[in-house]
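Pasted the sequence and its predicted model underneath.
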Amino acid sequence: MSPKIKFQLSFMMFFEFFIWGGWFVTLGTFLGENLNASGGEIALAFSTQSWGAIIAPFIIGLIADRYFNAERILGILHLSGAFLMYQMYGADSFGSFYPYVFGYMILYMPTLALVNSIAFNQMKDPAKEFSLVRVFGTIGWIAAGLIISYVFLWDSPEGRSAGMLKNTFLMVAVASAILGLFSFILPRTPPKILKNEKVNVSSLLGLDALKLLKDKNFLVFFLASILICIPLAFYYQNANPFLSEIGMDNPTGKMTIGQASEILFMLLLPYFFKKFGFKKTIMLGMLAWTIRYLLFSYGNAGEMAFMLLIGIALHGICYDFFFVSGQIYTDSKAGEKYKSAAQGLITLATYGVGMLIGFWVAGKITDMYLISENRHSWENVWIIPAIFAFVVLLLFTLLFKKEQVTYKS
């Protein structure tokens, strides 16, 4: 890649994930404290991510891949998203907020695939080049959290009580407009499918890869992937409200430790794969979920604050060792014919079905342990996903038979 194209793609990735991290992390805190939303209502808002993941293949497969250049539809989606984000900034009740967040996530989730498509289209050796571009996405997510906590102090007790968290939506609206306009000068990425070419809906959703479920090991992994997304939803939905409620300073900024660890453990993943193999690596990822939630359950913002920070830092192991390892395993099992379909199926199962269930369960559990207005028994809330993740770990350990999986870095 030329330096110009590398800069364009890195800028694109930075803003793509700055946009996501700039409002999604603090969403639960904002809804609970500023819109007086219940746990169930907060779960509804977070589940829009899952509906976006389910609908995204249709937008990409039926529209983007057939009629428009990827960079143009990326621009249109982000400009439209900027408008919806501004409407979320002005919402004064959950009822007026929800339609906008639902519409926004239907538009945003397809952009995750579009930015990858644009990047891959410019690379001669994606295995070596993609990570050097994608890392700017993680940097963008970290930057958003640091700005919220340490520059504007929007998530401080004073900022939250003054309703300043809603400014995250305004910040993201501006960022979305910038990326939307910038997208039109990104390298051309023409449609992959001819207009008169038939599109198989089952292939768009990855359903062609259902044949892989005949393999017992893959079936066990597939079911474990759905189940482990239930405790994962607890983290996305409850971590920031939890840290804010118990009085941790700069909770959003401290949560960026998780993204920093994600970069570190992504670099360490090839070593673990080679040293311990796929089964033990993915087991370690699931065990990390249990340990993280136990640390959250028994830690506090005082003398035990280190337990919370360790729990946040475990994000790299939780995410990379399970989800990235799972993507590698899926790729190795699918073969050339079903590679894309298999990855689509796993995405649909995890971010779609698994997390949709998880957000609903997390909302119910959070409401169950509501002590008083905006006060929860967090020890009980976090124990449940800890136990659930451990049960999934035991089932996977017993049912998944060891097999050799090659990691190509």
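Right, received. Where do you want to start? All values derive from a computational prediction rather than experimental measurement.

Could you list the low-confidence segments of this structure?
61-62, 64-66, 127, 192-207, 336-337, 339-340, 406-409 (pLDDT under 70).

mind giving me the domain split of it?
1-187, 203-409 (automatic domain parsing).

can I get those in a markdown table with mean neighbour count?
Using the backbone N, CA and C atoms, a C-beta is placed for each residue, glycine as well. Shown next, in a markdown table, are these (neighbours: other Cβ atoms under 10 Å):
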| stretch | mean neighbour count |
| --- | --- |
| domain 1-187 | 20 |
| domain 203-409 | 19 |
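
Residue 163 touches residue 34, doesn't it?
Yes - the pair residue 163 and residue 34 qualifies as a contact (Cβ atoms under 8 Å) at a distance of 5.4 Å.

show me the residues around residue 189 that make contact.
Contact analysis of residue 189 by Cβ atoms under 8 Å, 6 or more residues apart in numbering lists 69-71, 117-118, 121.

Which of these fall within helices?
Counted as lying in helices by DSSP state H, out of these, are 70-71, 117-118, 121.

Residue 355: which of those is nearest?
Residue 355 has its nearest neighbour among the ones in helices among the contacts of residue 189 in residue 117, at 22.8 Å by Cβ to Cβ.

could you measure the closest one against residue 219, distance?
30 Å (Cβ to Cβ, to the nearest Å).

What segments of the stretch 251-400 of the chain are helices?
For the stretch 251-400 of the chain, applying DSSP state H, counting those that start in this stretch gives helices covering 251-298, 305-313, 315-319, 325-347, 355-368, 378-399.

Compute the inter-axis angle for the fourth one and helix 251-298.
Pointing back at helix 325-347 there. 100 degrees (axes from the mean of the first three to the mean of the last three Cα atoms, to 10 degrees).

Distance to residue 6 for the ones in helices among the contacts of residue 189 - can I get that in JSON lines?
Converted to JSON lines, those look like this (distance: Cβ to Cβ, whole Å):
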{"residue": "70", "distance to residue 6": "18"}
{"residue": "71", "distance to residue 6": "16"}
{"residue": "117", "distance to residue 6": "17"}
{"residue": "118", "distance to residue 6": "13"}
{"residue": "121", "distance to residue 6": "14"}
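
Surely residue 156 touches residue 250?
Yes - if you go by Cβ under 8 Å, residue 156 and residue 250 touch, sitting 7.2 Å apart.

Which residues are in contact with each of these two?
With Cβ under 8 Å, 6+ apart as the test, residue 156 and residue 250 both reach residue 149.

correct me, but residue 322 touches residue 286?
Yes - the criterion here is Cβ under 8 Å, and residue 322 meets it with residue 286 at 6.1 Å.

overlap in contacts of the two?
Joint contacts of residue 322 and residue 286 (Cβ under 8 Å, 6+ apart) are residue 228.

hmm, back to that, closest to residue 211 among the ones in helices among the contacts of residue 189?
For the ones in helices among the contacts of residue 189, the nearest to residue 211 is residue 117 (25.2 Å; Cβ to Cβ).
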